[in-house]
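S.K.: I would like the atomic coordinates for the input below:
(chains A and B)
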Amino acid sequence: MEQLILSLSYLVGSITFIMGLKMLSHPEKARRGNLIAATGMTIAIFATIFLWESPETHEHLHNYGWIFGALLIGTVVGTMTAKKVQMTAMPEMVSLFNGMGGACAMLISVIEYNKPEPLTTDRLSVIVLGMVIGTVSFAGSAIAWGKLNGRIKDKTIPGGQIINFILLGGMLVMAIALIGGFVSSPAVFYAILAMAALYGILFVMPIGGADMPVVISLLNSFTGVAAAFGGFLYNNPVMLTGGILVGSAGTILTILMCKAMNRSLKNVLLGSFGKKPVGTGDGPAKEQGSVKEISLSDTATLMAYSQRVLIIPGYGLAVAQAQHACHELEKILEEKGVEVEYGIHPVAGRMPGHMNVLLAEADVPYEKLLEMEEANEKMASTNVVLILGANDVVNPAAKEDPSSPIYGMPILEVEKADHVIVNKRSMKPGYAGIENDLFYKPKTSMLFGDAKKVLQDLASELKQL
Amino acid sequence: METLINIFTDQATYRLLTIVILSIFLGIEVISHVPSVLHTPLMSGANAIHGVVIIGAIIVMGQAKTDDYLALTLGFIAVILGTLNVVGGFVVTDRMLEMFSKKKKK
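M.R.: A predicted model of the protein is given here:
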């Protein structure tokens, strides 16, 4: 009877995960979908605690004190961090939680490996695979987290790709030796663990700029697969469905993102973006004219007498927490009869949809957010394009300069509009470290300053007009 | 070769393998119609769902011998990390989506 209830709980869990993911793809239902998946997860967790019994000995679980203590700590800390985190730090947060899932999978494998009972080949292979993927995900996520909050700078390791290949090959050989029973020393197991950690670090380390969203999404699906190996280990259907669902969905999401940047997954995986050898200044000599600055009042006047203004947000907007100020400006312009819309590049910010989340926080209506294709279609009829802290996603080098690392990435074609106003804090290149010719084009004017301050000043200028 | 035959003749493994394959297709199917606006919440939601790995941590913890301090300590940490993944993941996703629904009412 108990086992029937347990199986049913797992079935409910699996169904809620599928429903949750499905509903997360519809704006109106998304929140409910998330809650449903969370409920299913809770049911599966408590059913496991109280009903699970060992297939061999039919013993129930014990150590309840430890289990509930850990659950309590995790819940309190998790809720607090998740509630407290600012919208701008969301990508880091997801990366961090993802890494914890990976670490959890790694620890499960380590404990299972250390059990005194002899392991069958099947179990050992599942343990080793789960450990490797979990560790890579954990180490990679930790680096991605550090990079996103600026603690770790992009670094290119000379011969990084070769080292990565050696690590992969080494892990493969050692894993075969261990699973095949040629060696049985725990040292080999831990050597694989160390190599997996090193691989995770080296794999994310050189990747910078526009690739970060892709990496987080990929690591997310890694953790999913690691969880699924747990499902094999314990013959547990809910771990299997949950893990594989995330694994495959995450992979598709990753591929969609790669497509948006016109890069192959292999290219990202090998971390070649970090090489950024050309186009970063010492590429083909470009004549860089002088930039043209524009004053706040001129900008305000220009926008007030426009018919259509397109705002292109980027990471700079997130950093300056300027989403509310941006919405204010939009409202003032609309009152003056100016049509205001937002052009959202799929990889603007540090995560896909980052800008949408940010603008949604400031109550910007959903319909005002145009996807790239739509925004480009309307570009020719746009009078003023206001770029707020975006850089690589509007860089014409992606279309014109084959030597540029971002060559081939679809961009927002702002040059088709009448005027381009770029708000930046300084002339520093964007996150990907690539010079932007757009700033030197005749149509472009620069409006230097912190996005939030500039937007607030613009709003007050506009009110006076 | 023998292991391969074993996989397909062993009922339990075969069942698990079926789940894996169906889940792969389900995951692809479910995600392919997502508007890019929802990519971040979706990634975050998926992130919370793979926190299901916590069930493995609970099993490992609950089976640990009461004097096996290594397993108890590591298991304890694993359950904490898993809980963080699940709870943090769902709460962060909810916070993101809350912003979407709030503005819907207007």
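S.K.: Alpha carbons only: can I get stretch A:29-43 in PDB?
M.R.: C-alpha atoms of stretch A:29-43 as PDB (Å, rounded to 0.1, in the frame of the first residue of the first chain):
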ATOM      1  CA  LYS A  29      -0.200  30.700 -17.000                       C
ATOM      2  CA  ALA A  30       3.500  30.800 -16.200                       C
ATOM      3  CA  ARG A  31       3.200  31.700 -12.500                       C
ATOM      4  CA  ARG A  32       0.700  29.000 -11.900                       C
ATOM      5  CA  GLY A  33       2.900  26.500 -13.700                       C
ATOM      6  CA  ASN A  34       5.700  27.300 -11.400                       C
ATOM      7  CA  LEU A  35       3.600  26.800  -8.300                       C
ATOM      8  CA  ILE A  36       2.200  23.500  -9.700                       C
ATOM      9  CA  ALA A  37       5.700  22.200 -10.200                       C
ATOM     10  CA  ALA A  38       6.700  23.400  -6.800                       C
ATOM     11  CA  THR A  39       3.700  21.500  -5.200                       C
ATOM     12  CA  GLY A  40       4.600  18.400  -7.100                       C
ATOM     13  CA  MET A  41       8.200  18.600  -5.900                       C
ATOM     14  CA  THR A  42       7.000  19.000  -2.300                       C
ATOM     15  CA  ILE A  43       4.800  15.900  -2.600                       C
END
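S.K.: From the chain's centroid, how far away is it?
M.R.: Between the centre of stretch A:29-43 and the centre of its host chain there is 21 Å, according to Cα atoms, centre = their mean, to the nearest Å.
S.K.: Not counting its neighbours along the chain, what's nearest residue A:83?
M.R.: residue B:91 (6.4 Å; Cβ to Cβ, 6 or more residues apart in numbering or on different chains). From N, CA and C alone the C-beta is placed, and that goes for glycine too.
S.K.: What strand or helix carries that neighbour?
M.R.: Assigned by DSSP states H and E, residue B:91 falls within helix B:89-104.
S.K.: show me the biggest helix of chain B in terms of residues.
M.R.: helix B:11-31 (DSSP state H).
S.K.: Now it: buried residues?
M.R.: B:13, B:16, B:19, B:20, B:23, B:24, B:26, B:27, B:30, B:31 (16 or more other Cβ atoms under 10 Å in any protein chain shown).
S.K.: pLDDT weak spots in chain B?
M.R.: B:1-8, B:36-37, B:100-106 (pLDDT under 70).
S.K.: Give the next helix or strand downstream of the longest helix of chain B.
M.R.: Per DSSP H and E, the helix or strand that comes after helix B:11-31 is helix B:39-49.
S.K.: what's near enough to touch residue 49?
M.R.: You didn't pick a chain, so chain A it is. With contact taken as Cβ atoms under 8 Å, 6 or more residues apart in numbering or on different chains, residue A:49 is in contact with A:61, A:64, A:67, B:58, B:62.
S.K.: looking at chain B here, not the other one
M.R.: A:17, A:20, A:21, A:37, A:41, A:224, A:242, A:245, A:246, B:89.
S.K.: Repeat that for residue A:14.
M.R.: Residue A:14 touches A:40, A:237, A:238, A:241, A:242, counting by Cβ under 8 Å, 6+ apart.
S.K.: again with residue A:186
M.R.: A:113, A:114.
S.K.: separation between it and chain B?
M.R.: 12 Å (Cβ to the nearest Cβ, to the nearest Å).
S.K.: how close does residue B:20 get to residue B:11?
M.R.: 15 Å (Cβ to Cβ, to the nearest Å).
S.K.: wait, doesn't residue B:39 sit right on residue A:250?
M.R.: No. Applying Cβ atoms under 8 Å as the test, residue B:39 and residue A:250 come out as separate, 11.3 Å apart.
S.K.: what's the closest non-adjacent residue to residue A:109?
M.R.: residue A:131 (3.5 Å).
S.K.: er, residue B:23 actually
M.R.: residue A:244 (3.7 Å).
S.K.: ok now stretch A:33-46, how far from the chain's centre?
M.R.: 23 Å.
S.K.: and it, anywhere near chain B?
M.R.: Yes. Under the criterion of Cβ under 8 Å from any Cβ of the partner chain, stretch A:33-46 makes contact with chain B via A:33, A:34, A:35, A:37, A:38, A:41, A:44, A:45.
S.K.: Can you check my assumption that the second one lies in a helix?
M.R.: So the one you mean is residue A:34. Yes. Under DSSP: H, G, I helix; E, B strand; the rest coil, residue A:34 falls within a helix.
S.K.: Alright, that wraps it up for me.
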